[in-house]
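Visitor: show me the folded form of this:
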Amino acid sequence: MRKGINTMRAMHVRLPAMLVALCLVGCVNEEPTAPSGQGVFTLALTGTLPDIATFKLAVYKGALTSTSKQPKFALGCSPYLVGNGETRNAFTLQDMPVGKDYSVLVEYFADDACSARSLLAYRGGIEVKSESVQAAESKPYYLQPVRFGAFTGMATASAEIKAEVESRSCSTDQDCVSVHPAATCSAGSNRCSVDSLFPLNGGVARAFPSLTALADGTIALHGGFSVVDSPTGTWTATSSTVEHFSPALGRFHTPALTVDNFDSRGRVGMSSTAALTGAAYAVVGGQEQIVIGLNKGKLATEMKDATCAQKTTCPVSAAVWRVDTAKSFSSGTELSKPVAFPIVIKVASATGPKVLIAGGSDLPLPKNSGNRRGDAQLCELTTSSAACEASAGKLNAARADAAILCLVDSDDGCKEVLIVGGRASKAAAMVEQYDAQTDAFSTVEAIGAPDLLFGGKLVRAGSAIYLLGASSVALFQENRITDVANVAAPPYRLIVDDSGAERVVRFELAELGEFAGTDGGRRVFGAAVGLTDANQALLIGGVLPNGKVADDALVFGEEGGIDRLPLERARFGAGAVEISSEGPFGGCAFIAGGADISSTLVGSLSHVELYCPK
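Guide: Modelled structure (predicted):
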């Protein structure tokens, strides 16, 4: 078995079409090849599994996309622990029909009756080959166990394999892959390293990436900032590589997608995206470089907008792209000028699906705060054309970095959009709405709203709507250096009241109770996501009022805070989406990218975590 991912061996039982544990040390005899048309494969679970009593295992032909799908083979409730404290973390299945499209689901339970499920592990795309058992056991398929009600990181290299890889000198990546297939050559040190186990984990470090839950159930990771110059605080966007996570496979597609016709306009962070149809999504704007600094209680945020009087020299993109992950291809158009932090959402217009682009910041930024835009455009992005035209409606309050939520959805897109914050003037409406069928904006009365709100995300937890991770300062747009203690807004619960003649939105401070902690749920650059089936919402990581990077997440239910859970990695500027497929990970949260600050060092992250509610 390949070294480097922690697995544990159990007794080897070889029966036709039965699960057998990996051979104990000393079992070295070559096994005969399986009969013609029959094959073998081995799976191994990474990590350790505490407090587990029993497990079940099922093998399916094809991906497990529905809980009603019947397995080709199933092992019922079985003891996890066997003799001498050995565990069933690795298995070989023999005498299976040869094929390339199997999937495996392993469920682990805390009780003897297999009723209290604690973890699951899943992987698709498994090939059954006609080969010896020993050959199969030398290259197992790794499965990452995912805990329920906790954050679980995807697979990482062990200390053992890192030490082995880093002992090798190199001049090219090819010098390193013989030690480990995921190893690369670090140009600065000319030593091998293994920073990621892609495709079992994210492969590209991305701060402020764009994550999109696509209509086909997969997830696209686009852009983000990967290069940080710590002395200046300047962050530069990554290349145009798009990482594409498949819940049906339980891993990323490999190789990562290189969208062949992206130019530098596709290499941005902080872009806005919207799922279209199938495996396609829209990307609007984004920035090639930004400045973020955190030092001695001061938070500095700045756009590199000095050259933006000319669109061709501006590091803020004016592009509107349609990216198709199934074809590794993009097409698009450009807005008349770059715009930062616009509203972007797919809407169901009277003439069909469109992408609404509204508001944003004019560039270069003026010295005062009057840089918000109120105009809107509707863009049609198809496989054959891309065009934007002015919307008949216009925002009642010019705004940028507003939070949005679809109130009424449809197959063609959102019919009613709620828009909160981002306005330049306190006198302007805090809340307005957009009716996609009439292409009109209208103000909404806001009761109990604070004076200033920017950014954050509107998410649902069942019947409740929360605004999480917002700020009281227009970061990147106005105050470029501010006290970090005064930046983050508290979590708000919004009550949308349609009982009267006109819609009203009431703002209430979210009730956190015992989970308020010392930060009271106030954090900026946190990731927020709503989980539909669980009636929960999450606020993940972020920068706290004390200037530290949060290493936990707040969990909200319909009545307020219900838990505070540790993350595997402290992070801010991450992306988070709900996995919308119906397979084993359906309804879980997928968290990717972000950055952490240690002393004066800033580093972007590639590490992915999953949160599956109980």
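Visitor: and the gap between residue 208 and residue 41?
Guide: Applying C-beta to C-beta, to the nearest Å, the value for residue 208 to residue 41 is 39 Å. To be clear about C-beta, it is placed using only N, CA and C from the backbone, and glycine gets the same treatment.
Visitor: for the stretch 51-200 of the chain, give me the ranges with low pLDDT.
Guide: For the stretch 51-200 of the chain, the stretches with pLDDT under 70 are 83, 85.
Visitor: please repeat the previous calculation with a cut-off of 80.
Guide: Segments of the stretch 51-200 of the chain classed as low confidence (criterion: pLDDT under 80) are 82-88, 187-188.
Visitor: show me where it has helices.
Guide: Taking DSSP state H, counting those that start in this stretch as the test, the helices found in the stretch 51-200 of the chain are 133-137, 159-166.
Visitor: just the strands in the stretch 1-150 of the chain please.
Guide: With DSSP state E, counting those that start in this stretch, the ranges of strands along the stretch 1-150 of the chain come out as 19-21, 38-45, 54-61, 73-79, 90-97, 99-109, 117-128, 141-143, 146-147.
Visitor: make a markdown table from those strands and add distance to residue 333 and mean neighbour count to it.
Guide: What follows is the strands of the stretch 1-150 of the chain, written out as a markdown table (distance: least, C-beta to C-beta, whole Å; neighbours: other C-beta atoms under 10 Å):
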| stretch | distance to residue 333 | mean neighbour count |
| --- | --- | --- |
| strand 19-21 | 54 | 20 |
| strand 38-45 | 47 | 23 |
| strand 54-61 | 43 | 21 |
| strand 73-79 | 51 | 14 |
| strand 90-97 | 49 | 21 |
| strand 99-109 | 38 | 20 |
| strand 117-128 | 36 | 21 |
| strand 141-143 | 43 | 22 |
| strand 146-147 | 40 | 20 |
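Visitor: of these, which approaches residue 336 most closely?
Guide: Relative to residue 336, the nearest member of the strands of the stretch 1-150 of the chain by C-beta to C-beta is strand 117-128, separated by 44.6 Å.
Visitor: between strand 38-45 and that closest one, find me the angle.
Guide: Using axes from the mean of the first three to the mean of the last three C-alpha atoms, to 10 degrees, the direction of strand 117-128 lies 140 degrees away from that of strand 38-45.
Visitor: so what strands line up beside strand 117-128?
Guide: Each strand pairing with strand 117-128, determined using DSSP bridges, is listed with its direction: strand 99-109 (antiparallel), strand 146-147 (antiparallel).
Visitor: need the ones you listed in a markdown table with distance to residue 450, can you?
Guide: A markdown table is the format used below for those (distance: least, C-beta to C-beta, whole Å):
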| stretch | distance to residue 450 |
| --- | --- |
| strand 99-109 | 45 |
| strand 146-147 | 37 |
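Visitor: quick one: closest of the ones you listed to residue 165.
Guide: Ranking the strands paired with strand 117-128 by distance to residue 165, with C-beta to C-beta as the measure, places strand 146-147 first at 26.1 Å.
Visitor: can you list contacts of the closest one?
Guide: Counting by C-beta atoms under 8 Å, 6 or more residues apart in numbering, the neighbours of strand 146-147 from elsewhere in the structure are 118, 119, 120, 121, 152, 585, 588, 610, 612.
Visitor: just put the strands of the stretch 1-150 of the chain in TSV and tack on distance to residue 457.
Guide: Output for the strands of the stretch 1-150 of the chain, formatted as TSV (distance: least, C-beta to C-beta, whole Å):
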stretch	distance to residue 457
strand 19-21	44
strand 38-45	34
strand 54-61	35
strand 73-79	40
strand 90-97	40
strand 99-109	32
strand 117-128	28
strand 141-143	32
strand 146-147	24
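Visitor: between these, which gets nearest to residue 547?
Guide: Minimum separation from residue 547 across the strands of the stretch 1-150 of the chain (C-beta to C-beta) falls at strand 146-147, 30.2 Å.
Visitor: tell me which helix or strand in the protein has the weakest average pLDDT.
Guide: Lowest mean confidence among the helices and strands of the chain (mean pLDDT, DSSP states H and E): strand 19-21, at a mean of 43.
Visitor: so where's the stretch 401-550 of the chain uncertain?
Guide: Segments of the stretch 401-550 of the chain classed as low confidence (criterion: pLDDT under 80) are 479.
Visitor: hey, where'd the strands end up in it?
Guide: When secondary structure is read from DSSP E, counting those that start in this stretch, the stretch 401-550 of the chain shows strands at 403-408, 416-420, 431-435, 440-447, 454-461, 464-471, 481-483, 492-497, 504-509, 527-531, 536-540.
Visitor: output the contacting helices and strands for the shortest one.
Guide: Using 3 or more C-beta pairs under 8 Å, 6 or more residues apart in numbering; DSSP states H and E as the contact definition, the elements that strand 481-483 packs against are strand 298-303.
Visitor: the fourth one now?
Guide: For strand 440-447, the helices and strands in contact under the criterion 3+ C-beta pairs under 8 Å, 6+ apart are strand 431-435, strand 504-509.
Visitor: what angle sits between the first one and strand 504-509?
Guide: Meaning strand 431-435. Between strand 431-435 and strand 504-509, the angle formed by their directions is 130 degrees, by the same axes, to 10 degrees.
Visitor: gap between strand 431-435 and the chain center?
Guide: The gap between where strand 431-435 is centred and where its chain is centred comes out at 27 Å by C-alpha atoms, centre = their mean, to the nearest Å.
Visitor: that one: partners in the sheet, and parallel or antiparallel?
Guide: Listed by DSSP bridges, the sheet partners of strand 431-435 and their directions read strand 416-420 (antiparallel), strand 440-447 (antiparallel).
Visitor: put the alpha carbons of stretch 486-494 into PDB.
Guide: What follows is stretch 486-494, C-alpha atoms only, in PDB (Å, rounded to 0.1, in the frame of the first residue of the first chain):
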ATOM      1  CA  ASN A 486     -15.200  48.500  14.400                       C
ATOM      2  CA  VAL A 487     -15.500  46.800  11.000                       C
ATOM      3  CA  ALA A 488     -17.700  43.800  11.400                       C
ATOM      4  CA  ALA A 489     -21.500  44.100  11.800                       C
ATOM      5  CA  PRO A 490     -23.300  41.600  14.100                       C
ATOM      6  CA  PRO A 491     -25.500  38.900  12.600                       C
ATOM      7  CA  TYR A 492     -29.000  40.100  11.800                       C
ATOM      8  CA  ARG A 493     -32.200  38.100  11.300                       C
ATOM      9  CA  LEU A 494     -34.500  39.600   8.700                       C
END
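Visitor: please identify the buried residues of that stretch?
Guide: Counting neighbours by 16 or more other C-beta atoms under 10 Å, one finds that the buried residues in stretch 486-494 are 487, 488, 489, 490, 491, 492, 493, 494.
Visitor: tell me the phi and psi of the first one?
Guide: Read that as residue 487. The phi and psi torsions at residue 487 (degrees, to the nearest 10) take the values phi -90, psi -50.
Visitor: my read: it touches residue 476, true?
Guide: No - under the criterion of C-beta atoms under 8 Å, residue 487 makes no contact with residue 476, lying 11.9 Å away.
Visitor: same list, the strands of the stretch 401-550 of the chain, but as JSON lines with distance to residue 357 please.
Guide: As requested, the strands of the stretch 401-550 of the chain are exported to JSON lines (distance: least, C-beta to C-beta, whole Å):
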{"stretch": "strand 403-408", "distance to residue 357": "12"}
{"stretch": "strand 416-420", "distance to residue 357": "12"}
{"stretch": "strand 431-435", "distance to residue 357": "12"}
{"stretch": "strand 440-447", "distance to residue 357": "13"}
{"stretch": "strand 454-461", "distance to residue 357": "17"}
{"stretch": "strand 464-471", "distance to residue 357": "21"}
{"stretch": "strand 481-483", "distance to residue 357": "28"}
{"stretch": "strand 492-497", "distance to residue 357": "24"}
{"stretch": "strand 504-509", "distance to residue 357": "23"}
{"stretch": "strand 527-531", "distance to residue 357": "22"}
{"stretch": "strand 536-540", "distance to residue 357": "26"}
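Visitor: most neighbours per residue, which of the ones you listed?
Guide: strand 536-540 (a mean of 28; mean count of other C-beta atoms under 10 Å).
Visitor: good, we can wrap up now.
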